[in-house]
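Undergrad: With the sequence up front, the predicted model follows.
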Amino acid sequence: MDAVDLQIVHELQADGRLSNQDLADRVRLSPSPCLRRVRRLEESGLISGYTAMVDQVAFGLPITVFVRVRLERHTAEAVNVFEQHVGLIEHIQDCYLMAGSSDYLLRVVIESLEAYEVLVRTQIHAIPGITSIESSFAFGSVKQSKVYPRPGIPSRPAPSPH
């Protein structure tokens, strides 16, 4: 992946609805080579799909909960059972395998505190092998980026906010 491919990926992450012509203009290519590069990025799996970004609150899911989970055992079977159950719960948007005091970190979006209580009692507690669940509720979001930073070590400190 060269600098032009990186720029194509950056532009498509920022706006996946760009026409090939607009994308080609932004990355300074003619349309045909630009389209070939996009197709190659798709075929390689680097670009795995396109989606609409939806406002979580307007959609009716104003609450974000980060849930730390610890398992009783770390056998392949216990881990597999947990991960399969998590994959079936639609309110769990993300599940990360963690190092440290928790085994997993889940991001849950939900419509109310009452609905979260029901989710925990009926679906999360029902997953075999969990030893502890700790929930943290987000008051709001300061930053949510859908555009990855360019790979590499940052070369200078972040600018100071004035």
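TA: Looks like it arrived, so ask away.

Undergrad: So for the residue of the chain most remote from its centre, what's the nearest residue that isn't a sequence neighbour?
TA: Distance from the C-alpha centroid of the chain, by C-alpha atoms, centre = their mean, peaks at residue 30 (32.2 Å). Spatial nearest neighbour of residue 30, chain neighbours left out: residue 24 (6.1 Å); criterion: C-beta to C-beta, 6 or more residues apart in numbering. C-betas here are computed from N, CA, C, even on glycine.

Undergrad: Now the residue farthest from the centre of the chain: phi and psi?
TA: For residue 30, the backbone dihedrals (degrees, to the nearest 10) come out as phi -80, psi 160.

Undergrad: Check what pLDDT it gets.
TA: Residue 30 carries a pLDDT score of 97 in this model.

Undergrad: The spatially most central residue of the chain: what secondary structure?
TA: The centroid of the chain falls nearest to residue 94 when counting by C-alpha atoms, centre = their mean (6.1 Å). In terms of secondary structure, residue 94 is strand; the call rests on DSSP: H, G, I helix; E, B strand; the rest coil.

Undergrad: Enumerate every residue touching it.
TA: Contacts of residue 94 were listed using C-beta atoms under 8 Å, 6 or more residues apart in numbering, and they are 105, 106, 107.

Undergrad: Let me know the closest of these to residue 11.
TA: Comparing these against residue 11 with C-beta to C-beta picks out residue 107 as the nearest, at 26.6 Å.

Undergrad: so what's the closest one up against?
TA: 64, 65, 66, 67, 92, 93, 94, 95.

Undergrad: Helix, strand or coil: sort out it for me.
TA: Following three-state DSSP, residue 107 is assigned to strand.

Undergrad: Tell me which residues touch residue 89, please.
TA: Contacts of residue 89 (C-beta under 8 Å, 6+ apart): 119, 123, 124.

Undergrad: run the last query once more with 10 Å
TA: Contacts for residue 89 (C-beta atoms under 10 Å, 6 or more residues apart in numbering) come out as 95, 106, 108, 119, 123, 124, 126, 127.

Undergrad: Residue 29 is in contact with residue 36, correct?
TA: Yes - under the criterion of C-beta atoms under 10 Å, residue 36 makes contact with residue 29 at 9.4 Å.
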